[in-house]
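Trainee: next input, structure requested:
(4 chains)
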Amino acid sequence: MTTERARAGLSLAPVPGYTGSELLAVMSGRLLKDGQTVFAGVGIPLLAAILAQKTHAPGLTILFEGGVIGPFVEAGKLPPSTNEQRCTRRANMLVSITEVLLMLQRGYVDVGFMGGAQIDRFGNLNSSFIGDPNAPKIRLPGTGGGNDIASLADMIVAMKHEKRRFVEKVDFITSPGFLDGGQTRAERGLPAGGMFRVVTDLGILGFDDTSRAMTVVALHPGVSAQDIKANTGFDIPVPADVPTTEAPTPEELAILRELDPQQLYTA
Amino acid sequence: MTTERARAGLSLAPVPGYTGSELLAVMSGRLLKDGQTVFAGVGIPLLAAILAQKTHAPGLTILFEGGVIGPFVEAGKLPPSTNEQRCTRRANMLVSITEVLLMLQRGYVDVGFMGGAQIDRFGNLNSSFIGDPNAPKIRLPGTGGGNDIASLADMIVAMKHEKRRFVEKVDFITSPGFLDGGQTRAERGLPAGGMFRVVTDLGILGFDDTSRAMTVVALHPGVSAQDIKANTGFDIPVPADVPTTEAPTPEELAILRELDPQQLYTA
Amino acid sequence: MTPLSYSELRQRTRERDRSLRDKVTTLEDAVRLVQNGDHVAVGGCTASRTPFALIWALVRAQKHDLTVSRSIVSTEGDIFYASGLSRHIITSWFSQGIVWGVSKVMRAYTESKRARFEEWSHMAMGLRYRAGAMGVPFMPMRSMLGSDVLARVSGDEGPADAAFAAAKTMECPFTGETLLLVPALNPDVAIIHVQRCDAYGNAQLDGLTFMDIDIAMAANRVILTTERVVSNEQIRRHPDQTKIGFFTVDAVVEVPFGSAPHECYGLYEPFYSHMDLYAQMTARDPEAGAQAYLERFYHEPKNWADYLNRIGMAELLDAQRRGSGIYDD
Amino acid sequence: MTPLSYSELRQRTRERDRSLRDKVTTLEDAVRLVQNGDHVAVGGCTASRTPFALIWALVRAQKHDLTVSRSIVSTEGDIFYASGLSRHIITSWFSQGIVWGVSKVMRAYTESKRARFEEWSHMAMGLRYRAGAMGVPFMPMRSMLGSDVLARVSGDEGPADAAFAAAKTMECPFTGETLLLVPALNPDVAIIHVQRCDAYGNAQLDGLTFMDIDIAMAANRVILTTERVVSNEQIRRHPDQTKIGFFTVDAVVEVPFGSAPHECYGLYEPFYSHMDLYAQMTARDPEAGAQAYLERFYHEPKNWADYLNRIGMAELLDAQRRGSGIYDD
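Mentor: Numbers count the residues shown, from 1 in each chain, chains lettered A, B, ... in the order given. Below you'll find the predicted structure:
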């Protein structure tokens, strides 16, 4: 790891700024801890997980839905999904899809990490229907493993902060957050896991321990409480003393840009 | 197969007679049909299955409890149980124990074929306790896969015909036959499988279609109805027109003796 | 798609010839094992080991009214809808792939209610096949609970899927916990593409196996397409590498590049330029684009080699170069 | 042995260090992971891949009051009883092996009620581990129904096992059929012997895997003994050959001939002469014979090499010659 970090450091170029996607990847990567096992989707989650591996969490174990345990993704060869052979490079173990998803159920996964199309006050995610599910405006691709991951692991979600995405109630609960808040998640048969953090291009969001409603944990540099409120489709409390995150470092950005030189996921 | 049969034929020696175990192996082997899949225990069942492969059923598929599908056992190298590497020689597939037993449940197995320590009128088998299970005279080794096989496949049982083994009611139902007879097997949750034949050194036994009580299907050469009755611990009907089986042929005996030259199972 | 009764499941299996015999045949013959109205389970996942040669033959044989299930559905789902092979797909995720965005063909057919996309969680799909493979009517699980995915398949919300077998919650008799029971899938036919198998159908799979092992055990008939038919002697040398057993298999067809333009682990990666071409062709007018694609790549080719030729030699060589690279380290 | 509540199962797993780290240690250190009173699941089956080196170290460390479970129990069951390691074994079959007849040591301890042999069907054992591996409290199945094996574990007959978790029948909500639900086993510790693994615990198994993969997933701690520790580089070259993943493993001990006198697939067959010797030693006075055997082969040896030396070099070479013969064809 040290060598790879040094190598990334060597290719360090002046960093004029960063894209919103780069910000998401950096901020969410920092939430991962060394020694954890993280179930990662492609795109920002995967970039963030590799970034964490190459910085503060060299012992992070990545899992992919296709059945991949502990891979090392090669710079410039990001997989198009979590189900192709590119995902398996230098993995420790390959298992069936059912087995890797059962690792969530067995409790072997610390963190689930995915993107989101639509989220609501209680952290419920929708990736199935925009509009009425019986007469949808858009039929989206659906859950994949999203429902399983969100049902069984502590969740980090990375997504763009837009009013149309942060809604009072999602059109369809594809992946459960805290459902109707309070104890409703456990009451309906999901005693484990739950939303931990939502990382956006504006800040880092958490959930109140009792009501389970979304709150603001931190603002990104240059973002105001008003910016968050204006881009959220429901009333979201911002504590008076809310901290500000540390801006992405040149080292972090250099690693990301080496990983995704064509900016497939970080444009 | 043809070559192997020819090879067995070449080693054909004058056959002065045969042991009871050889008789069991020949008679039960003849019950197997080409193209069937048979779950076989070691000892007589395995010998009988290989004999069938080398004579009338070259396309017989043998399964072993250790997780072995379609092996070819080498003459003189009979395995000591169905869970060692000797069982796997030239197999088509190895799977876990649970998977091979689940093949029974899925319905992929035509015939289960095992030995028996104690059997009763309705074909229930005991391999767990002699005497009161709570204060047994002998604690036997137990079911192994016997219960699963007898619950889920059509059964052939090969055993010595003795009064103490053929009892009115077994001390303990390890592997279910027709339970209390009639429809009781299906009523208690076992709609599939059931006893087909019990092959002994005296004859071949079956079960009445309605009452599910044991009957005599055939007598071996030189055996009388009275012999059967005298060696059975319950009243067993012998039809007046009961046929006699054809004695083991020199070819069958030669194959058996080549397979088990040390007479581990055929003494 | 309610689970079969045990007696029906056993009866169907008993009627099959499960013996060790040569099953090598042609694509044209193999598709005769698929009846209109059948439930067809598709092996592989997303753009990996999709049995495209068999799907191509099904389209050309003008099969219809199939119910299709798969772990995750990519472009072959569009083909199923657009060709009329199927108007009902059961899966957890359906689109060409994340980098190409939401499938416009899927949207066109489902939003107009001319086709159904029945959505289960990915683990639920896996456990439904597994229950079928194990010969039990359900598997217990701990996800989907509380979500609208469950509500929709359970028929509590929305009439669209109400007629279909619901997953059912139960209170665990051991722990008192709430569990979800998902019903077994026992497909009429499974179509699976593998790297190699013998003439009897003993298949070795390299790399990712997805849900294929359970699908083969669950199905009532299995058609294997394979990059290469190898000898039974070779299989028997490493019986612990056999992942799909001959006893489940009804037909074996040797088809090189049988999952093109998707990948086959260790042999070729996805044909990305062709995948882009497909996305372009279906971008503006998805239905007309899909029909034009079917005409050019499904109906016009003289044979499978001609199909590959239309995809292009340079593309094939590049996919193969990238594919075998997984073993370079 | 009732199933754990889901929150307890998750809590136990959360407390473990599941990261990729070097876990190589000694037999003496590894047995510290086993607490008196633990439920220990034993890998392998009958006379195959029995983790004898670890059991040998447990005896020498004078552990006691273990509950032991295994698919099928052979001579190691006698050792568990006679050494005092365990007085409660859960399995489907218990004796040295068919050719040696009923275990006289097992009979002596169980018939005098000084030890329990809790009998489940073989598939039930497999599905109980599998439920544990899957994180659900039970698996549904279709055998054991109607038999006294079920009645006995369900406590309907005989007081001996009445205190223990029963398997429960249910009416299937989909088909109305009667099914048996067998409760999950989540052993405190699994002990498994493998042909090779890396320092992190990524294990490759050759030949028969028995129930080991499910046992490793179900257990709360896993101790691997291995014939050889190989590099992580070698494991990563064929990740589809890893059968037990590092994340389940807590200790790795390299022990050549670690399942002697039982076999290790592809490396050595059972040490038959020694197995005969054991049968002779326990034939007349089973208890005294077993104690004499323990003294000579468990307590007196200076180390594992000395144990092997007492079994005998010629015997070892012969077992190895026969064992590697499986690959001669």
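
Trainee: can you pull the pLDDT of residue 171?
Mentor: All of this is about chain A. pLDDT, residue A:171: 96.

Trainee: nope, chain C please
Mentor: On the pLDDT scale, residue C:171 is placed at 96.

Trainee: and the strands in chain C?
Mentor: Along chain C, counting by DSSP state E, strands occupy C:39-42, C:66-69, C:86-91, C:116-119, C:138-141, C:168-171, C:178-183, C:189-198, C:203-204, C:222-230, C:242-244, C:251-254.

Trainee: nearest to chain B, of the ones you listed?
Mentor: Judged by C-beta to the nearest C-beta, the one of the strands of chain C that comes nearest to chain B is strand C:242-244, at 3.8 Å. The C-beta positions use only the backbone N, C-alpha and C, and glycine is treated the same way.

Trainee: about what we covered before: could you dump the strands of chain C to TSV with distance to chain D?
Mentor: TSV is the format used below for the strands of chain C (distance: least, C-beta to the nearest C-beta, whole Å):
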stretch	distance to chain D
strand C:39-42	16
strand C:66-69	17
strand C:86-91	16
strand C:116-119	17
strand C:138-141	5
strand C:168-171	5
strand C:178-183	5
strand C:189-198	11
strand C:203-204	10
strand C:222-230	16
strand C:242-244	10
strand C:251-254	22
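
Trainee: now those strands in CSV, with distance to chain B and mean neighbour count?
Mentor: Shown next, in CSV, are these (distance: least, C-beta to the nearest C-beta, whole Å; neighbours: other C-beta atoms under 10 Å in any protein chain shown):
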stretch, distance to chain B, mean neighbour count
strand C:39-42, 15, 27
strand C:66-69, 18, 23
strand C:86-91, 21, 22
strand C:116-119, 25, 23
strand C:138-141, 13, 25
strand C:168-171, 18, 14
strand C:178-183, 16, 23
strand C:189-198, 8, 27
strand C:203-204, 10, 24
strand C:222-230, 12, 23
strand C:242-244, 4, 23
strand C:251-254, 14, 23
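
Trainee: can you put those in TSV and add distance to residue B:215?
Mentor: Shown next, in TSV, are the strands of chain C (distance: least, C-beta to C-beta, whole Å):
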stretch	distance to residue B:215
strand C:39-42	43
strand C:66-69	47
strand C:86-91	49
strand C:116-119	52
strand C:138-141	39
strand C:168-171	43
strand C:178-183	41
strand C:189-198	42
strand C:203-204	45
strand C:222-230	40
strand C:242-244	42
strand C:251-254	43
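
Trainee: what's the closest of the ones you listed to residue C:326?
Mentor: In terms of C-beta to C-beta, the element of these nearest to residue C:326 is strand C:189-198, at 12.2 Å.

Trainee: show me what contacts the spatially most central residue of chain C?
Mentor: What sits nearest the mean C-alpha location of chain C, by C-alpha atoms, centre = their mean, is residue C:42, with 1.2 Å. Applying C-beta atoms under 8 Å, 6 or more residues apart in numbering or on different chains to residue C:42 gives the contacts C:50-51, C:55, C:68-70, C:73, C:76, C:190-191.

Trainee: farthest pair in those residues?
Mentor: The most widely separated members of the contacts of residue C:42 are C:73 and C:190, with 15.1 Å between them, by C-beta to C-beta.

Trainee: can you list the residues of the stretch 1-150 of chain C near chain D?
Mentor: Counting by C-beta under 8 Å from any C-beta of the partner chain, the positions of the stretch 1-150 of chain C adjacent to chain D are C:2-3, C:5-6, C:135-142.

Trainee: can you tell me which of those is nearest chain A?
Mentor: Nearest to chain A among the residues of the stretch 1-150 of chain C next to chain D, with distances taken as C-beta to the nearest C-beta, is residue C:142, at 5.4 Å.

Trainee: what is the burial count for that closest one?
Mentor: By the criterion of other C-beta atoms under 10 Å in any protein chain shown, residue C:142 has 27 neighbours.

Trainee: try residue C:303
Mentor: 9.

Trainee: tell me how far it lies from residue C:255.
Mentor: Distance of residue C:303 to residue C:255, given as C-beta to C-beta, to the nearest Å: 11 Å.

Trainee: ok, residue C:321 next?
Mentor: When distance is defined by C-beta to C-beta, residue C:321 is 20 Å away from residue C:255.

Trainee: also residue A:251?
Mentor: 49 Å.

Trainee: again with residue C:138
Mentor: 35 Å.

Trainee: cool, and residue A:220?
Mentor: 52 Å.

Trainee: over to residue C:284?
Mentor: Distance from residue C:284 to residue C:255, by C-beta to C-beta: 32 Å.

Trainee: residue A:175 too?
Mentor: Remark: distance between residue A:175 and residue C:255 (C-beta to C-beta) = 38 Å.

Trainee: higher neighbour count, these two?
Mentor: Each of residue A:175 and residue C:255 has its neighbours counted (other C-beta under 10 Å); residue A:175 has more, 32 against 24.

Trainee: tell me the contacts of the closest residue in space to the more buried one that isn't next to it in sequence?
Mentor: Leaving out its chain neighbours, the residue that sits closest to residue A:175 by C-beta to C-beta, 6 or more residues apart in numbering or on different chains is residue A:150, at 3.6 Å. Residues near residue A:150 by C-beta under 8 Å, 6+ apart: A:112, A:114, A:125, A:175-177, A:193, A:195.
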